[in-house]
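S.K.: A structural model of the following input is requested.
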Amino acid sequence: MNEKAYKTMSFAGAANVAVGIVMVVAGLATGIIAIVGGVKLLKDKKGLTF
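M.R.: From the prediction side, this is the model:
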């Protein structure tokens, strides 16, 4: 019984670490895309005439 719990906890811990890494990478990529998009909008704002 203890061996099964140990294996389950090992798998859950490894899965949590993997998901955490993916979330950090995805969050960083999303942040960079948002910053680049915002800078482009601010830069292109100067060319607008109404």
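S.K.: can you say which helix or strand has residue 28 in it?
M.R.: Using DSSP states H and E, the element containing residue 28 is helix 2-44.
S.K.: now that helix: average pLDDT?
M.R.: In this model, helix 2-44 has an average pLDDT of 94.
S.K.: so what's the gap between that helix and the chain middle?
M.R.: 4 Å (Cα atoms, centre = their mean, to the nearest Å).
S.K.: got the phi/psi numbers for residue 48?
M.R.: As for residue 48, its main-chain torsions (degrees, to the nearest 10) stand at phi -80, psi 140.
S.K.: what about it, neighbour count?
M.R.: Counted with other Cβ atoms under 10 Å, the neighbours of residue 48 add up to 6. All C-beta spots, glycine's among them, are computed from the backbone N, C-alpha and C.
S.K.: distance of it from residue 40?
M.R.: 13 Å (Cβ to Cβ, to the nearest Å).
S.K.: then residue 17?
M.R.: Applying Cβ to Cβ, one obtains 35 Å for the distance of residue 17 from residue 40.
S.K.: same question for residue 3.
M.R.: Residue 3 sits 56 Å away from residue 40 when distances are taken as Cβ to Cβ.
S.K.: so for the two, which sits in the more crowded spot?
M.R.: With other Cβ under 10 Å as the criterion, residue 3 and residue 40 differ in neighbour count, and residue 40 comes out ahead with 10 against 7.
S.K.: number of residues surrounding residue 21?
M.R.: For residue 21, the neighbour count with other Cβ under 10 Å is 10.
S.K.: show the model's pLDDT score for residue 47.
M.R.: Residue 47 is assigned a pLDDT of 77 by the prediction.
S.K.: identify the residues contacting it.
M.R.: Counting by Cβ atoms under 8 Å, 6 or more residues apart in numbering, residue 47 makes contact with nothing.
S.K.: and it, backbone torsions?
M.R.: The main-chain torsion angles of residue 47 are listed as degrees, to the nearest 10 and equal phi -90, psi 0.
S.K.: any idea how far it lies from residue 13?
M.R.: Residue 47 is 53 Å from residue 13, by Cβ to Cβ.
S.K.: nice, that's everything, thank you.
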